[in-house]
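**Student:** Any chance you could fold what I've pasted below:
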Amino acid sequence: MDTLKKFELMQKIVRELEDLQHSQQAIIQKIGKIEVDNIELGDKRLEKDLPDMHQRVSDNLDTIVGILDYFADKTQNFGNKNNVDALKEQQAINDATGK
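**Tutor:** Numbering: from 1, shown residues only. Here you go, the predicted model:
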C-alpha cells in the first residue's frame, strides 16, 4: 500500500472512531433519559439494570476515546513523517497532467 493510500485509510479509521464515540455518547444520553423517566415510574427491573448498562457503555466510551486519541496522534505523526501534504500536491499535479 502506498503512503498516501495508507494515510487516507488511517484518516478514515479516525473518522469511524469519532462516529463510534458520538454513537456511544448518544446511547449514554438515552439511558440517562430513561433513568430519569423511571424515577417517576418506579419500575424495579429498570432501576436494577439501567445503572449497570450505563456503566458498561461509559466504560466502552472511555476505551473508544483512548483508542481514538492514540490513533489520531499516530495518523498525524505518520502524515508529518511522510510529508503527506507534498504527496497530495504531487498527486494533484499528476492527475492534472495525466501522468
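
**Student:** Could you use CA atoms for every contact and neighbour count after this?
**Tutor:** Fine.

**Student:** How many neighbouring residues does residue 75 have?
**Tutor:** A count of nearby residues for residue 75, using other Cα atoms under 10 Å, gives 20.

**Student:** just the one 3 residues further on next, same as before
**Tutor:** For residue 78, the neighbour count with other Cα under 10 Å is 16.

**Student:** tell me the secondary structure for the closest residue to it other than its chain neighbours?
**Tutor:** Among residues not flanking residue 78 along the chain, residue 7 sits closest, at 7.3 Å (Cα to Cα, 6 or more residues apart in numbering). Per DSSP: H, G, I helix; E, B strand; the rest coil, the secondary structure class of residue 7 is helix.

**Student:** Residue 35 now?
**Tutor:** Assigned with three-state DSSP, residue 35 falls in the helix class.

**Student:** ok, residue 77 - contacts?
**Tutor:** By Cα atoms under 8 Å, 6 or more residues apart in numbering, residue 77 lies in contact with nothing.

**Student:** Checking it next. Helix, strand or coil?
**Tutor:** Three-state assignment for residue 77 (three-state DSSP): helix.
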